[in-house]
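[1] Here is a sequence together with a model predicted from it:
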Amino acid sequence: MLGGPALLMFASGASFFLNGYVDTIVRAVAVDASRYAALADQSYDGALAHLDAKINQTLPKTKIARTISIGKTAKVELSYEAILNVFNIGKRIVTVQVETPIETY
């Protein structure tokens, strides 16, 4: 009688913590890619290759939409769909945006 609710609570907690893990990794990748793109000797193609390598290395099975722009600042935006759980009934898209000032010579 208590097995069903206990299993539901365990599954909810596990998916909640898994969502937290994925969010933390995505934020770390966005910060790293933005800092890399802001270096004075980096081009758009080099920064995009670095971002793709980081995504494939850390979260290879997560579908992540990414954009990067380099102007006065290096801006990286990553979006992914959060894992379905009791706290997230609908399909929620999470977007992480990081902006870093460009390094000058």
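    Nice, I can see it.
[2] Would you map the strands across this structure?
    Using DSSP state E, the strands of the chain run over residues 64-70, 73-81, 93-101.
[3] model confidence over the shortest one, on average?
    Same thing as strand 64-70. Mean pLDDT, taken over the full extent of strand 64-70, equals 93.
[4] sorry, back to before: okay, the strands of the chain, which one's buried deepest?
    Scoring the strands of the chain by mean neighbour count under mean count of other CB atoms under 10 Å gives strand 73-81 as the most buried, with a mean of 19. To be clear about C-beta, it is placed using only N, CA and C from the backbone, and glycine gets the same treatment.
[5] what lines up beside that strand in the sheet?
    Within its sheet, and counting by DSSP bridges, strand 73-81 is paired with strand 64-70 (antiparallel), strand 93-101 (antiparallel).
[6] circling back to that earlier point, can you tell which of the strands of the chain is closest to A49?
    Set against A49 and scored by CB to CB, the strands of the chain come closest in strand 64-70, at 10.4 Å.
[7] In contact with the residue nearest the centre of the chain: list those residues for me.
    Within the chain, one residue has its C-alpha closest to the average C-alpha position: by CA atoms, centre = their mean, that is V26, at 2.2 Å. The contact partners of V26, by CB atoms under 8 Å, 6 or more residues apart in numbering, come to 59, 62, 64, 78, 80, 94, 96.
[8] State the pLDDT value of it.
    Reading off the confidence values, V26 has pLDDT 95.
[9] G90 now?
    With respect to pLDDT, G90 has a value of 71.
[10] Give the burial count for it, as a bare number.
    7 (other CB atoms under 10 Å).
[11] Repeat that for G3.
    Residue neighbour count, defined by other CB under 10 Å, stands at 7 for G3.
[12] re earlier: with distance to G3 added, can I get the contacts of V26 in JSON lines?
    Supplementary listing: the contacts of V26 in JSON lines, determined by distance: CB to CB, whole Å:
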{"residue": "L59", "distance to G3": "33"}
{"residue": "T62", "distance to G3": "31"}
{"residue": "I64", "distance to G3": "36"}
{"residue": "L78", "distance to G3": "39"}
{"residue": "Y80", "distance to G3": "33"}
{"residue": "V94", "distance to G3": "32"}
{"residue": "V96", "distance to G3": "38"}
